[in-house]
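Student: give me a 3D structure for the following:
(one chain, ligands or ions: 1)
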Amino acid sequence: MLKPVGLINGHYECRSLDETLPIFTDLLALEVMERKEKEAIVKHPNTEWRLIVHEGGPNAANKPHSNHYGFRVGTSKEIPKAYEYLSDHKAQYKLKSVTKPHEAHFAYSVYFKEPGGNDLEIEYYNPAAIKQGRTIAAPHWKEPLTEEQFPGRGYIPQAMTHGTLNCDDKPTNDRFLEEVLGFKMVGGGRTSTYIRHPDTPWYIVVLPTTRREYLSPANRFTLKVASPEEVEDAHQGFSKNGKQIGIHELWDMEEENGRAFFIFSDISKNWWEVTS
Ligand SMILES: [Fe+2]
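Tutor: Below you'll find the model as predicted:
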């Protein structure tokens, strides 16, 4: 089993960085940490989880709705404001659609489609849900961003809270996530699973579905382990026992600026990276 010390990155494929980066900075309060020709790293000031954005070109596929990332605001009244702002700026940012505010259990959200082929979510999550054992309602920020830091929109994304994946069979996938990847289940029920690393609040929602649209490796999550030796050990373990434990595809070990890593797809054909 992997012993991850963190869920550190998401990898996200878009079509054009010039079109998609303004979505992150202007609509979701992220900052561009690094920009190369075909790749950029973005991050919310309140969330250590980084998104590595890959430019896939005009033919990059549309990703399923259930591969969205979610950003949380502090109050429910910001959701209709976000809807209004996104609708008013739909043409400017080439948004394909903006859904009307949608209420479900403790969440209140708007979803929109960015021109790079991805759905994104702005949500409010009622903190009272924590009393009912919903760990994901726990605070995702210490110092909220202020109106001065993100002025004029009527809403302030305060953190990047979650990513989303599909799976085929929930019990099989849950077992894989716990026993092979070393994740902690932090909620969910018959139709969803929530996983996260115990040290950090961000989480991944996994939803079983019968009609899968498989993602490419440019859409993956990165797990950090304690040392380069552990990366090597994990790779050796997966090479030896991968078939039995549910590794679908395993790529070779790679090295980049002294960092060892490898990429693999799991029992539900979702992609991951292990690094140190
Ligand atoms: Fe969501």
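
Student: list the residues that contact Glu273.
Tutor: Listed by Cβ atoms under 8 Å, 6 or more residues apart in numbering, the contact partners of Glu273 are Asn9, His11, Arg220, Phe221, Thr222, Leu223, Phe261, Phe262, Ile263. The C-beta positions use only the backbone N, C-alpha and C, and glycine is treated the same way.

Student: I'd like those as a markdown table, with distance to Thr99, secondary structure and neighbour count appended.
Tutor: Shown next, in a markdown table, are these (distance: Cβ to Cβ, whole Å; DSSP: H, G, I helix; E, B strand; the rest coil; neighbours: other Cβ atoms under 10 Å):
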| residue | distance to Thr99 | secondary structure | neighbour count |
| --- | --- | --- | --- |
| Asn9 | 27 | strand | 19 |
| His11 | 25 | strand | 22 |
| Arg220 | 26 | strand | 23 |
| Phe221 | 25 | strand | 19 |
| Thr222 | 29 | strand | 20 |
| Leu223 | 31 | strand | 24 |
| Phe261 | 36 | strand | 20 |
| Phe262 | 37 | strand | 19 |
| Ile263 | 33 | strand | 19 |
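
Student: Pro171: which of those residues is nearest?
Tutor: Using Cβ to Cβ, Phe221 is the member of those that sits closest to Pro171, with 20.8 Å.

Student: gap between the closest one and the ion?
Tutor: 15 Å (Cβ to the ion, to the nearest Å).

Student: quick one: contacts for the residue of the stretch 101-250 of the chain found nearest the ion?
Tutor: Of all residues in the stretch 101-250 of the chain, Glu121 sits closest to the ion, at 4.6 Å by Cβ to the ion. Residues near Glu121 by Cβ under 8 Å, 6+ apart: His68, Tyr69, Gly70, Phe71, Ser109, Val110, Tyr111.

Student: at 10 Å what do you get?
Tutor: Applying Cβ atoms under 10 Å, 6 or more residues apart in numbering, we find Glu121 in contact with 28, 65, 68-72, 99, 102, 107, 109-112, 161-162, 164.

Student: show only the entries of the residues you listed found in helices.
Tutor: Leu28 (DSSP state H).

Student: want to try a markdown table for the contacts of Glu273, with pLDDT as columns?
Tutor: Formatted as a markdown table, these follow (pLDDT from 0 to 100):
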| residue | pLDDT |
| --- | --- |
| Asn9 | 98 |
| His11 | 98 |
| Arg220 | 98 |
| Phe221 | 98 |
| Thr222 | 98 |
| Leu223 | 98 |
| Phe261 | 98 |
| Phe262 | 98 |
| Ile263 | 98 |
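
Student: quick one, phi/psi of Trp272?
Tutor: The phi and psi values for Trp272, taken as degrees, to the nearest 10, are phi -140, psi 160.

Student: do Ala234 as well
Tutor: The phi and psi values for Ala234, taken as degrees, to the nearest 10, are phi -60, psi -40.

Student: that one is in contact with Asn241, isn't it?
Tutor: No - taking Cβ atoms under 10 Å as the definition, Ala234 is not a contact partner of Asn241, at 11.0 Å.

Student: these two: which is more packed in?
Tutor: For the pair Ala234 and Asn241, the greater number of neighbours falls to Ala234 (23 against 12), based on other Cβ atoms under 10 Å.

Student: residues contacting the more buried one?
Tutor: By Cβ under 10 Å, 6+ apart, Ala234 lies in contact with 1-4, 180-181, 223, 225, 253, 262, 264, 274, 276.

Student: buried among those residues? Make that a ChimeraX selection.
Tutor: The ChimeraX selection below is limited to those of the contacts of Ala234 classed as buried (16 or more other Cβ atoms under 10 Å):
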select :2,4,180,181,223,225,253,262,264,274,276
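
Student: ok, back up a step: tell me, what's touching Ala234 and Asn241 both at once?
Tutor: Common neighbours of Ala234 and Asn241, using Cβ under 10 Å, 6+ apart, are Val180.

Student: in this structure, what residue is nearest the ion?
Tutor: The nearest approach of the chain to the ion comes at Gly70, 4.0 Å away (Cβ to the ion).

Student: I figured that residue was touching Gly163, is that so?
Tutor: Yes - with contact defined as Cβ under 10 Å, Gly70 and Gly163 form a contacting pair (7.8 Å).
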